[in-house]
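*Asks:* any chance you could fold what I've pasted below:
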Amino acid sequence: MPHQGIGGRHAALARDEQKRAAAERAVAFVESGTVIGLGTGSTVRPLLDLLAARLASGALRHVLVVPTSEDTAQRCRVLGIPLVTLDEYPELALAIDGADEVAPHLDLIKGLGGALLREKLVAGAAQRFVVVADESKRVRRLGTRAPLPVEVAPFGWSALLPFFEKLGASPALRLAADGSPYITDGGHYIVDCRFERGIQDPAALARALARRTGVLEDGLFLRMAHVAVIAGPRGVRLLKR
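*Replies:* Residues are numbered from 1 along each chain as shown. Predicted coordinates:
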């Protein structure tokens, strides 16, 4: 195992502290008697702990959660957070999730955690969508740091690669740790599309992807987030669309 230097440990600790500080601010958006959606990933995990503690103490009551992944669902079960489905509650008061990139006007890239289809369904069902991230996720142009995840049908997935290339991407099938294709909770594949100079026109790209048979969803969350809770070395701040 490679040795992690003191600087590396301090940086990791600082990021963890920032994520918890952002989670503390984000959980304040949750109100008693509501049904909310909760996302997936390392930014959301401390929020689950805080939500469970508030429910246990009685500071919050009668909050039901629609999870965006099996991982989040399992964590909620362990913490005693009551779960429901989007079929039972198709309209949500609030959704809280992380992001892989946050651009000006709060356009996002999401899906590196592999739950983009469910995350977009939940975010779209929410009256208010709050994003939680640290400063490192902020970009001037989407696609400059993170690839764009595209969830695709396993059948004939490789036939989509030339299409992605024509859109200016360098596509690669996401693989699991054992080298087999990564499988989403919905049983689909993910193709990660990298753009050398970022995504020039996210809205046009989203329209092109939506028209292609075999593409089930993309990780472009455009004009969906209402508030971003951004944590950095100087504290937490809110950005509004």
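*Asks:* tell me the domain boundaries of this protein?
*Replies:* Domain assignment of the chain by automatic domain parsing yields the ranges 6-139+222-233, 148-218.
*Asks:* ranking those domains by mean pLDDT, which is last?
*Replies:* For the domains of the chain, the bottom mean pLDDT is recorded on domain 6-139+222-233, which sits at a mean of 92.
*Asks:* quick one on the thing from earlier: for the domains of the chain, which one ends up most surrounded?
*Replies:* Sort the domains of the chain by mean neighbour count, taking mean count of other Cβ atoms under 10 Å, and domain 6-139+222-233 sits at the top with a mean of 19. For the C-beta atoms, the positions are set from N, CA and C on the backbone; glycine is no exception.
*Asks:* so how far is that domain off the chain centroid?
*Replies:* Its chain's average C-alpha position is 8 Å from that of domain 6-139+222-233, according to Cα atoms, centre = their mean, to the nearest Å.
*Asks:* what would the domains of the chain look like in TSV with distance to L239?
*Replies:* Listed next are the domains of the chain as TSV, based on distance: least, Cβ to Cβ, whole Å:
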stretch	distance to L239
domain 6-139+222-233	4
domain 148-218	18
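*Asks:* give me every residue that touches the closest residue to L116 other than its chain neighbours.
*Replies:* Here the nearest residue to L116 in space, its sequence neighbours aside, is G219; by Cβ to Cβ, 6 or more residues apart in numbering that works out to 4.7 Å. G219 sits next to 100, 109-112, 116, 148-150 when contact means Cβ atoms under 8 Å, 6 or more residues apart in numbering.
*Asks:* just I183 next, same as before
*Replies:* 176, 189.
*Asks:* can you classify A228 as helix, strand or coil?
*Replies:* strand (DSSP: H, G, I helix; E, B strand; the rest coil).
*Asks:* check R197 too.
*Replies:* Under the three-state scheme (three-state DSSP), R197 adopts coil.
*Asks:* is it true that I36 lies in a strand?
*Replies:* Yes: secondary structure of I36, determined by three-state DSSP: located in a strand.
*Asks:* that one touches T68, doesn't it?
*Replies:* No: under the criterion of Cβ atoms under 8 Å, I36 lies out of contact with T68, with a separation of 11.1 Å.
*Asks:* any shared contact partners between the two?
*Replies:* Common contacts of I36 and T68 (Cβ under 8 Å, 6+ apart): none found.
*Asks:* need the contact list for K240.
*Replies:* For K240, the set of contacting residues under the criterion of Cβ under 8 Å, 6+ apart consists of 106, 226-228.
*Asks:* max pairwise distance over the residues you listed: which two?
*Replies:* Farthest apart among the contacts of K240 by Cβ to Cβ are H226 and A228. That separation is 8.7 Å.
*Asks:* got any residues that touch both of the two?
*Replies:* 106, 130, 240.
*Asks:* who's in contact with G113?
*Replies:* With contact taken as Cβ under 8 Å, 6+ apart, G113 is in contact with 40-41, 69, 98.
*Asks:* what secondary structure does it sit in?
*Replies:* Secondary structure of G113, reduced to three states by three-state DSSP: coil.
*Asks:* now, among the contacts of K240, which is nearest to E17?
*Replies:* Relative to E17, the closest of these is A228; by Cβ to Cβ it sits at 18.5 Å.
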